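Asker: Model the structure of this input:
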Amino acid sequence: MFVGNFFITPHAVRQFQNRIAPWLTYEQALHIGIAELNAALEVQEQRPTENGKAFYIRVNGDWQFRAIFVAGEEGTKPAVITILRSGKGKKRKKQS
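Answerer: Next up, the predicted model:
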């Protein structure tokens, strides 16, 4: 089981697969999302979205993406609601 600082919704995992790495399984995409977000939290700050209803964090590791999330209620983790492309990403090329 993978533990991270965010709850990543199934929709966000599927968006990661669809937009960034369609060759990955659901579990692989979830693991990468958790690992990359944990690493990004150490160097990136969260920023509000334009409408102010959510926040985003930019991941600049091997997989470049933006994670849009809403703050968790007291005692719960923030929830990643979708994943957007960002940059070119070293591993984003199509699988041969």
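
Asker: Going by C-alpha atoms from here, please, whenever you check contacts or count neighbours.
Answerer: Will do.

Asker: pull the longest helix from the protein.
Answerer: Ordering each helix of the chain by length in residues (DSSP state H) puts helix 26-43 first.

Asker: Quick check: what element follows that one along the chain?
Answerer: strand 47-48 (DSSP states H and E).

Asker: Nearest to the spatial middle of this structure, which residue is it?
Answerer: By C-alpha atoms, centre = their mean, the mean C-alpha position of the chain lies nearest to Ala67, the distance being 4.1 Å.

Asker: Shouldn't that one be within a strand?
Answerer: Yes - under the criterion used here (DSSP: H, G, I helix; E, B strand; the rest coil), Ala67 sits inside a strand.

Asker: For it, which non-adjacent residue is closest in space?
Answerer: Nearest-residue entry for Ala67: Ile83, 4.7 Å, with adjacent residues in sequence omitted and distances by C-alpha to C-alpha, 6 or more residues apart in numbering.

Asker: same question, Phe69
Answerer: If the residues on either side of it in the chain are set aside, Phe69 comes closest to Val80, at 4.0 Å by C-alpha to C-alpha, 6+ apart.

Asker: That neighbour contacts Ile68, correct?
Answerer: Yes - using C-alpha atoms under 8 Å, Val80 is in contact with Ile68, at 5.6 Å.

Asker: In terms of neighbours, single out the busier of the two.
Answerer: In this view Val80 and Ile68 are compared by other C-alpha atoms under 10 Å, and Val80 has more residues nearby, 26 against 22.
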